[in-house]
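Asks: okay, sequence plus prediction incoming.
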Number of protein chains: 2
Amino acid sequence: MARWQPDARGRLEAAALELFHKRGFEQTTVTDIAARAGLDKRTFYRLFGDKREALFSGGKLLEEVLIKAVAETDAAPFETVVAAFRRVADEIFTDRLDLARVRQSVIDSSPELQERELRKMGSLAAAVSAALRARGVGETAATLATESGVTVFRVAFARWVAPGSDASLTDLIAEVAAELRAVTSPPEPHPDLSQS
Amino acid sequence: MARWQPDARGRLEAAALELFHKRGFEQTTVTDIAARAGLDKRTFYRLFGDKREALFSGGKLLEEVLIKAVAETDAAPFETVVAAFRRVADEIFTDRLDLARVRQSVIDSSPELQERELRKMGSLAAAVSAALRARGVGETAATLATESGVTVFRVAFARWVAPGSDASLTDLIAEVAAELRAVTSPPEPHPDLSQS
DNA sequence: AGGACCAATGTCATCTTGTGACATCACCGT
DNA sequence: ACGGTGATGTCACAAGATGACATTGGTCCT
């Protein structure tokens, strides 16, 4: 059973991350990636929809864990989503800070990759929202709770990978969630009339 | 001054919207668009960065109006952003429902266009957040208020263009903002112990 | 054993996107 | 009139993406 090297997909992902990091996304050709993995360009396109997708295969696991957590949690919508993201932080991102940093630096360097990341977040949000609705949450509440939860996760994630940071992602998510609650709280009737 | 037909950019935008709508985004070639506008493919790429950009030129005006509204409003961060979007709704989207519906149907039909729309929203959010920070709002609060405001706008906009809807975008934004506040309010300590 | 079959990969051809380099052409001010 | 100038057209080409077909070992069935 040694006709081909095993795990072609994994080799291509590793090669892509490496080359994107070293030369930049635009300067890396799909043929380069395939060659470094000992494969052909055509094989790359059989395993990935396009050049960017090699960086985003982990999204599937993320979505699965998240959906499962939502389905198993019984709380108010927004709290459920936040709790689900905290569980994801524990189960998936702990011990992967270095990888996350490299990956994020690559994404930050390319608008094309940022677009794809946004799209992944969007489909993630759609799945979470569907999971909430499956629990009886109304459509609007599900959407708003999900979007707010995703916002919290994104801000917390950005802090987590920022240089010099050392807090755990779980804690950061809890902190940012509290801050969002404060920001969206109904305003004081006359906030400008007194100092308190 | 009739060497060339005037408003090449506008003609290309109209041609792109028409062809994307009639044949679909993928099935429309840049050469098709240029030909229909009586121009050359190369000219298209001088006016637009890529094929999708022909659908998103309005974003610049949107950002300007939004930034101006944020700069001129003096209220809490989230309320400021919501108010700014309501002003945008009045100044830009009123009387453009039909166009918005066509445009949205085109975007909804193509993942590539959805990616671009997400990116536009992202840069819009960055600009709004910067405008808030220029008014002394802290970085985290600015980000969270902006992202929440954008979420409100997106949900309201989706309702506005949905078939059968007839409420004004301004009113929808106010409604959704109230719903988001409700969703992110701190939860009751023991919500399952009594019916109230 | 021997051949049919299969799944992963390679090869080739082709279209489209996007861009650099250069040509064209009518209008402009002097 | 003449040489800029700016918007446009023409040509060439690398890279992304995809369909059609070939290759190649391994598996399974008889």
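Replies: Cool, got the structure.

Asks: all contacts plus neighbour counts: C-alpha atoms, from now on.
Replies: OK.

Asks: state the distance from the residue nearest the centre of chain A to B:A100.
Replies: Geometric centre of chain A, nearest residue: A:M121, 6.1 Å, by Cα atoms, centre = their mean. Here A:M121 is placed at a distance of 24 Å from B:A100 (Cα to Cα, to the nearest Å).

Asks: same question, A:A130
Replies: 26 Å.

Asks: what does A:S129 give?
Replies: Taking Cα to Cα, one finds A:S129 at 25 Å from B:A100.

Asks: neighbour count winner among those two?
Replies: The neighbour count for A:S129 versus B:A100, taken as other Cα atoms under 10 Å in any protein chain shown, is higher for A:S129 (27 against 15).

Asks: contacting residues around the more buried one?
Replies: The neighbourhood of A:S129, defined by Cα atoms under 8 Å, 6 or more residues apart in numbering or on different chains, consists of A:E139, A:A142, A:T143, A:T146.

Asks: one more: A:Q114?
Replies: With contact set as Cα under 8 Å, 6+ apart, A:Q114 has these partners: A:I107, A:D108, B:R119.

Asks: out of those, who's nearest A:R9?
Replies: A:I107 (19.8 Å; Cα to Cα).

Asks: was I right about A:G59 contacting A:K120?
Replies: Yes. Checked against Cα atoms under 8 Å, the pair A:G59 and A:K120 is within contact range at 7.2 Å.

Asks: which of those two has more residues huddled nearby?
Replies: The neighbour comparison of A:G59 against A:K120 (other Cα under 10 Å) goes to A:K120, with 17 against 14.

Asks: on that earlier part again, out of the contacts of A:S129, the closest to chain B would be?
Replies: Set against chain B, the nearest of the contacts of A:S129 by Cα to the nearest Cα is A:T143 (8.1 Å).

Asks: avg pLDDT for whatever helix or strand that closest one lives in?
Replies: With secondary structure defined by DSSP states H and E, A:T143 is part of helix A:139-161. Average pLDDT, helix A:139-161: 98.

Asks: what's the helix or strand just after it packed up against?
Replies: Proceeding N to C from helix A:139-161, the next assigned helix or strand is helix A:169-184, under DSSP H and E. Under the contact definition 3 or more Cα pairs under 8 Å, 6 or more residues apart in numbering or on different chains; DSSP states H and E, helix A:169-184 sits against helix A:77-88, helix A:139-161, helix B:77-88, helix B:139-161, helix B:169-184.

Asks: show me which positions of helix A:169-184 end up buried.
Replies: A:169-170, A:172-174, A:176-177, A:179-184 (16 or more other Cα atoms under 10 Å in any protein chain shown).

Asks: so where's chain A shaky on pLDDT?
Replies: Chain A contains residues with pLDDT under 70 at A:1-2, A:189-196.

Asks: domain assignment for it?
Replies: Here the domain assignment for chain A is A:8-54, A:58-181, based on automatic domain parsing.

Asks: does the shortest one come close to DNA strand D?
Replies: Yes. With Cα under 7 Å from any atom of the strand as the criterion, DNA strand D is reached by domain A:8-54 at A:E26, A:T28, A:T29, A:V30, A:T31, A:K41, A:R42, A:Y45, A:G49, A:D50, A:K51, A:R52.

Asks: derive a PyMOL selection command for the buried subset of these.
Replies: Of the residues of domain A:8-54 next to DNA strand D, the buried ones can be selected in PyMOL as follows, counting by 16+ other Cα under 10 Å:
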select buried, chain A and resi 28+29+30+51+52
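
Asks: can you list the residues of domain A:8-54 next to DNA strand D in TSV and add secondary structure and distance to chain B?
Replies: Formatted as TSV, those follow (DSSP: H, G, I helix; E, B strand; the rest coil; distance: Cα to the nearest Cα, whole Å):
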residue	secondary structure	distance to chain B
A:E26	coil	15
A:T28	coil	20
A:T29	coil	19
A:V30	helix	19
A:T31	helix	23
A:K41	helix	22
A:R42	helix	21
A:Y45	helix	17
A:G49	coil	12
A:D50	coil	12
A:K51	helix	14
A:R52	helix	13
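
Asks: which of the residues of domain A:8-54 next to DNA strand D are close to DNA strand C?
Replies: Contacts with DNA strand C within the residues of domain A:8-54 next to DNA strand D, as defined by Cα under 7 Å from any atom of the strand: A:K41, A:R42.

Asks: A:E13: how many residues sit nearby?
Replies: Neighbours around A:E13, by other Cα under 10 Å: 21.

Asks: and the nearest residue in space to it that is not next to it in sequence, what does it touch?
Replies: Of all residues not flanking A:E13 in the chain, A:A54 sits nearest, at 5.2 Å (Cα to Cα, 6 or more residues apart in numbering or on different chains). Listed by Cα under 8 Å, 6+ apart, the contact set of A:A54 reads A:L12, A:E13, A:A16, A:L17, A:F48.

Asks: returning to what we had before: out of the helices and strands packed on helix A:169-184, which gets nearest to B:D95?
Replies: helix B:169-184 (10.6 Å).

Asks: report the distance from the closest one to the chain centre.
Replies: Here helix B:169-184 shows a centroid-to-chain-centroid distance of 17 Å under the convention Cα atoms, centre = their mean, to the nearest Å.

Asks: got the contacts of A:S129 as a markdown table, with distance to B:V82 and neighbour count columns?
Replies: Formatted as a markdown table, the contacts of A:S129 follow (distance: Cα to Cα, whole Å; neighbours: other Cα atoms under 10 Å in any protein chain shown):
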| residue | distance to B:V82 | neighbour count |
| --- | --- | --- |
| A:E139 | 21 | 13 |
| A:A142 | 20 | 26 |
| A:T143 | 18 | 25 |
| A:T146 | 19 | 27 |
